[in-house]
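Student: Take this sequence and fold it.
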Amino acid sequence: MSYELRRRLVGVVVLVSLGLVIIPLLFDFSRDQPLDRRTQIPSAPTAAPVELEVALRPQLLESSAPPSPLFTMEEVSAGSRRFAVQFGSYPDLAVAEQKQQQLLEAGYRVYIRSVEVEGRETHRVLIGPLLQRDEAEALQRQIDNQYQISSLLKAQQ
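Tutor: A predicted model of the protein is given here:
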């Protein structure tokens with residue numbers, strides 16, 4: 001057998017084997033299975049009718065005595081005062097925010113209130129608010145001892 005003929009036969013064998021591998025990948029010769037279009041979900045059950053009782057409006061009893069107030073305005077105004085402990089007052093907002101973050105990390109409820117004092121803006125760092133004066137005074141003593149400062153007790157409306 002000549003060299004040329006052997007070379008052609010090897011080429012044909014390679015092409016046929018590649019065709020056997022690639023042609024099934026390109027063309028799908030399997031038959032599709034038909035879909036079962038019947039449902040297997042049971043029909044919805046029927047609900048029994050429910051009868052609801054209609055609520056009647058309650059009848060108001062008329063009283064000859066005028067209604068008495070539950071509390072007086074003096075009690076409301078005295079009880080609505082809130083207290084806060086002023087940790088410090090700073091002209092620079094960044095310093096006030098730094099102190100606020102320090103107190104927040106220590107577990108206190110802290111906020112900053114900006115006010116104008118003598119024509120300059122000042123940022124007050126306040127802890128609170130607290131509803132009871134004795135709680136606020138106890139917190140003030142705790143803050144003074146913990147941070148070695150002289151804080152102020154502020155009453156708020």
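Student: Count the neighbours of residue 10 for me.
Tutor: By other Cβ atoms under 10 Å, 10 other residues sit near residue 10. From N, CA and C alone the C-beta is placed, and that goes for glycine too.
Student: Give me the secondary structure label for it.
Tutor: The three-state label given to residue 10 by DSSP: H, G, I helix; E, B strand; the rest coil is helix.
Student: can you check the one 4 residues further on too?
Tutor: In the three-state summary, residue 14 is assigned as helix, counting by three-state DSSP.
Student: ok, residue 155 - contacts?
Tutor: Residues in contact with residue 155 (Cβ atoms under 8 Å, 6 or more residues apart in numbering) are 81, 82, 83.
Student: Just confirm it is within a strand.
Tutor: Yes - counting by three-state DSSP, residue 155 is located in a strand.
Student: Return the per-residue confidence for it.
Tutor: The per-residue pLDDT reported for residue 155 equals 82.
Student: about what we covered before: in strands, which of the contacts of residue 155 fall?
Tutor: 82, 83 (DSSP state E).
Student: most neighbours, which of the contacts of residue 155?
Tutor: Busiest of these [other Cβ under 10 Å] is residue 83, holding 22 neighbours.
Student: what pairs with that one across the strands?
Tutor: residue 130, residue 155 (DSSP bridges).
Student: quick one: it from residue 138, how far?
Tutor: Here residue 83 is placed at a distance of 11 Å from residue 138 (Cβ to Cβ, to the nearest Å).
Student: In JSON lines, list the contacts of residue 155 along with distance to residue 59 and pLDDT.
Tutor: As requested, the contacts of residue 155 are exported to JSON lines (distance: Cβ to Cβ, whole Å; pLDDT from 0 to 100):
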{"residue": "81", "distance to residue 59": "42", "pLDDT": "79"}
{"residue": "82", "distance to residue 59": "43", "pLDDT": "85"}
{"residue": "83", "distance to residue 59": "47", "pLDDT": "88"}
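Student: Residue 25: which of the contacts of residue 155 is nearest?
Tutor: residue 82 (78.7 Å; Cβ to Cβ).
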